[in-house]
Each structure stands twice: as structure tokens, then as C-alpha cells.
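1. here is my input; please provide its structure:
(4 chains)
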Number of protein chains: 2
Amino acid sequence: MSIDRRSHTPVYRQMANLIRERIYSGEYPADAPLPSEATLSQEHGVGRDAVRQALALLRAEGLVTTERGERSRVRAALNRAAVELPPGGTAIARMPHDPERVDRDLDEGVPVIEVRHPDGTTEVYPADRTELIRPA
Amino acid sequence: MSIDRRSHTPVYRQMANLIRERIYSGEYPADAPLPSEATLSQEHGVGRDAVRQALALLRAEGLVTTERGERSRVRAALNRAAVELPPGGTAIARMPHDPERVDRDLDEGVPVIEVRHPDGTTEVYPADRTELIRPA
DNA sequence: TACTATTTGTTCGTATGTATA
DNA sequence: GTATACATACGAACAAATAGT
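-> Below is the predicted model:
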């Protein structure tokens, strides 16, 4: 797969698709660093900007994490315990808003599960990706 | 000569021109270390990035060499013997590709001369800069 | 030998300008 | 007018190699 300049799909989305496929295929294994933005930029003949926008999409999907000064990494799969629901309780999955995400020290792309008990109290759990499976 | 912020010539190219002139003028003599990147950056009021890009241009031209942990140096002029061409032989000057350059242990910016003999054999010589002369 | 300072290498964050669709 | 795309530019932080004490 490579970048199609004539496609109407923006370059940065094509880049995201390309990197995502390499993650799902195992070419970029979990916890491994991706090539640097500059390397990806050169190898695929696109601007650094397009690479950065692609990585932003993958971060939002929870597939990669990025820290300043380090190459982006494939998010390691975590095995989290299921949330036990109390009788009459409800659970809602949502994305945290940005200050909340920072406050809870969560990576981008990590949804939270908000458990509401019958007595009105609520608890919030991060819902990390549990497996590396291509969404249907 | 100094950096013109209003010029359409990129800052890093202006920096390369500036340093190149100082090399040709003898202000930075052969084999002498240039000022550090940080010094050049501060003295000319440009970012370290611009300095590094300028040095990359000069390396590609074969004017300077850079080693990690040391300041860049003006490439010493070497007096290499002329290549003797056999009757019917041909010679081609070209830049080595990157793995070849590493393999032959050559600095950046050093072309090679490929001598082809009538019998089909070839020899390759590095073609170091022999004099410090402003190209016409 | 060991420690420290200097220096280049790498990398991401951010901003600006320009061009194009 | 907006979104996309690229090049340029600066900053910050850290790693790694070298040199001097």
C-alpha cells in the first residue's frame, strides 16, 4: 500500500490507514516504536504535517501513544477486568473531555466507563483497549 | 554578511552561504573546528535547526565534516594522485549511494571515480577535494 | 579511573508562510 | 473561505560521544 496522490482521500488519512494496517498486521508490534515522523515523511514522500495528522488520528483511536522527544509507540494491549454492575445500575462508555483526560492521566483515545449506582453515586473507570483486533 | 530576515532565501541557506564564504576566505582555515552549533546559532540569531541544515548542505558539498561530540571541521585539502586511464578505458565520476559510502568509509560529499577497463573490470577511487577553490 | 562539561544526534511541539483544491 | 499540504523555523528535552580535569 502506498500514497495515491490522485485519490480524493487526504494524504494524512491515507497515511493513517497505511500505518494502521502495519500495526494490525504485526509489522509494527505492540509496544514497539514507530519510525520517526521524519522517517515516515521521507519514506512515503509526504510532508511531516501529513504524518503528524495521521498519528493524531491513530492516537484518537487509541492505537498509538506519543511522548515528546520519543518516537510514537504502538499501544500495548492490556487485559482489564470486566466491570461488575450492581443490580439496577447502569454503565455508560464515553470519551473523557480533555481536562478530564489530563486529570485522570489517560492517554488519548482511551474511553472511560461511568458506572451509575441506584443510590446516585457514580464511579469512572478507564477502558483501555483489551485486544488488538481489526474492528469489523 | 549577515542574515536577512526579509529575504526569500531560507535562513539555513543564508547560513550556509555565510559559513562557506568564511571557509573560502580563510577565516575558518582548513582542518580547524568551526564554532559550535550553539555558538553559531547565538551569534547569528538563528535557531540551531537552521545551523544544522546549513552544515548538512556544506557536508554534502564536501566542505566540512562532522563527528558526534566534536565541532564540525573544515575538510582538509588532500593532494591525491591523478587517476591513470588505460588505453580504451573510461572513467565516470559519481556520488556513492549511502550504504556504499559507509562501506567505503567515505565522508559525505566525496564523489568516487569509477574506472572501467577494456577487459570489463572496474576500479573505484574516492575523489577527495584536492584544492580549496571557489567553483566558477 | 571517574566525573563533568561540551557538543552533536534525535525527536516531538509549535508556529508561520505559501500554494493548491 | 476552508481544508489540505509542504517547507521553513525555533524551541525543548534527552541521548550519546568526546574531551578535559
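
2. got the residues of chain A near DNA strand C?
-> A:34, A:36-39, A:48-49, A:52, A:66-72 (C-beta under 7 Å from any atom of the strand). The C-beta positions use only the backbone N, C-alpha and C, and glycine is treated the same way.

3. quick one, which of the residues you listed are buried?
-> A:L34, A:E37, A:R52, A:T66, A:S72 (16 or more other C-beta atoms under 10 Å in any protein chain shown).

4. from the residues you listed, which two are the most distant?
-> A:L34 and A:R52 (12.1 Å; C-beta to C-beta).

5. wait, does the longest helix along chain A contact DNA strand D?
-> For chain A, the helix with the greatest residue count under DSSP state H is helix A:11-25. Yes: using C-beta under 7 Å from any atom of the strand, helix A:11-25 comes into contact with DNA strand D via A:V11, A:Y12, A:R13.

6. residues touching the last one, list them.
-> Taking C-beta atoms under 8 Å, 6 or more residues apart in numbering or on different chains as the contact definition, A:R13 lies against A:A54, A:L57.

7. equivalent analysis for the second one, please.
-> For A:Y12, the contact set (C-beta under 8 Å, 6+ apart) comprises A:V46, A:D49, A:A50, A:V51, A:Q53, A:A54, A:L57.

8. how far away is A:R75 from DNA strand D?
-> 21 Å (C-beta to the nearest atom of the strand, to the nearest Å).

9. again, but for A:T66
-> Distance from A:T66 to DNA strand D, by C-beta to the nearest atom of the strand: 12 Å.

10. picking up where we left off before, taking the contacts of A:Y12 one by one, which sit in helices?
-> A:D49, A:A50, A:V51, A:Q53, A:A54, A:L57.

11. check whether A:T65 really touches A:A76, as I assumed.
-> No: if you go by C-beta atoms under 8 Å, A:T65 and A:A76 don't touch, sitting 9.1 Å apart.

12. who's more crowded, the two?
-> A:T65 (19 against 13; other C-beta atoms under 10 Å in any protein chain shown).

13. phi first, then psi, for that one.
-> Backbone torsions of A:T65, given as degrees, to the nearest 10, read phi -120, psi 150.

14. show me the beta-bridge partners of it.
-> Counting by DSSP bridges, A:T65 forms beta bridges with A:R73.

15. tell me the residues on chain A that lie near DNA strand D, please.
-> A:10-13, A:41, A:45-50, A:53, A:68-69.

16. how about 6 Å then?
-> A:P10, A:V11, A:Y12, A:V46, A:G47, A:D49, A:A50, A:G69 (C-beta under 6 Å from any atom of the strand).
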